[in-house]
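**Student:** this is a predicted model, with the sequence first.
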Amino acid sequence: MDKETDQLIEEFVAVGGDFQDWRPGWNIRPTDPVATIIETDKDGEVVRRLEPAQWALTPGWSKTLKTKVPMFNARSEGITEKASFKNAIRSKRAIIPASGYYEWQTDSVTKKKTPFYIRPADGSTMALAGIYSWWKDHSLADDDPHQWTLTTTILTSDAVQTLADIHDRNPVPLPRDWWDDWLNPAIEADQSFVDAAVAAALPVADALDFVRIVAVTDDEPTEV
């Protein structure tokens, strides 16, 4: 994600969050902080917020923030039955804005991996479907500002035909007319709701452009 915070706030119509520890970057890795859009109920009013979140969901019941297997992706199929995700998918859904994402294509014979950058052809911002969870550090005092950590994960689905040769899965890029319902905590999601969101995202994913990355110079990727 290379847009500044103010641009994202305007684009997604959200209030600001605490972004002192987050900066836009072209190569965000799992467990790094990512810009995340969520909606929460504040004094009876639903507020859309732009917050930094750890890119790897930690369920509230976990004893540690760092889990044995980082959960930075969540398969959309059967997500409402999965212990780590079923509580969050009901009403704690998020959007992770992104200019694009990287995927590695593995040669079936040589096993060589080639990176590709996948993005909207028109340069717009993708709204990747996600879920979030707040993790509480019980070792800290209740008034400690670091007691709560926002964590998130990105939903994936079977890859669309145009991307299947690169990888068998792709994120779920929500169309604009799905943003409000996806974020709305008053809508309790079941599997049919998730499946409908994935189906609505298929044309968006199918229209994505991709380029092969051949080198990295001055911390920036070089495209073919």
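**Tutor:** Cool, got the structure.

**Student:** in terms of helices and strands, where is residue 104?
**Tutor:** Using DSSP states H and E, residue 104 sits within strand 101-106.

**Student:** cool, and residue 114?
**Tutor:** Using DSSP H and E, residue 114 falls within strand 113-120.

**Student:** that strand - contacts with which helices or strands?
**Tutor:** Here strand 113-120 touches strand 101-106, strand 208-217, strand 220-223, going by 3 or more C-beta pairs under 8 Å, 6 or more residues apart in numbering; DSSP states H and E. The way it works is simple: take the backbone N, C-alpha and C, and place the C-beta from them, glycine included.

**Student:** just give me the lowest mean pLDDT stretch among those strands.
**Tutor:** Confidence, taken as mean pLDDT, is least for strand 220-223 of the helices and strands packed on strand 113-120 (a mean of 52).

**Student:** and residue 127, bridged to which residues?
**Tutor:** With DSSP bridges as the criterion, residue 127 is bridged to residue 97.

**Student:** surely residue 200 touches residue 176?
**Tutor:** No - counting by C-beta atoms under 8 Å, residue 200 does not reach residue 176; the two are 10.3 Å apart.

**Student:** who has more neighbours out of these two?
**Tutor:** For the pair residue 200 and residue 176, the greater number of neighbours falls to residue 200 (18 against 9), based on other C-beta atoms under 10 Å.

**Student:** nearest residue to residue 34 other than its sequence neighbours?
**Tutor:** Of all residues not flanking residue 34 in the chain, residue 55 sits nearest, at 4.5 Å (C-beta to C-beta, 6 or more residues apart in numbering).

**Student:** helix, strand or coil for residue 87?
**Tutor:** helix (DSSP: H, G, I helix; E, B strand; the rest coil).

**Student:** tell me where this protein has strands.
**Tutor:** 33-42, 45-55, 73-75, 93-98, 101-106, 113-120, 126-136, 148-158, 169-171, 208-217, 220-223 (DSSP state E).

**Student:** these: which one's closest to residue 189?
**Tutor:** Closest to residue 189 of the strands of the chain is strand 93-98 (C-beta to C-beta; 6.7 Å).

**Student:** show me what the closest one packs onto, helices and strands only.
**Tutor:** Judged by 3+ C-beta pairs under 8 Å, 6+ apart, strand 93-98 is in contact with helix 5-12, strand 33-42, strand 126-136, strand 148-158, helix 179-183.

**Student:** now the strands of the chain in CSV, with distance to residue 191 and mean neighbour count?
**Tutor:** Output for the strands of the chain, formatted as CSV (distance: least, C-beta to C-beta, whole Å; neighbours: other C-beta atoms under 10 Å):
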stretch, distance to residue 191, mean neighbour count
strand 33-42, 21, 20
strand 45-55, 24, 19
strand 73-75, 12, 17
strand 93-98, 14, 25
strand 101-106, 25, 16
strand 113-120, 26, 17
strand 126-136, 14, 23
strand 148-158, 12, 22
strand 169-171, 18, 21
strand 208-217, 25, 14
strand 220-223, 37, 12
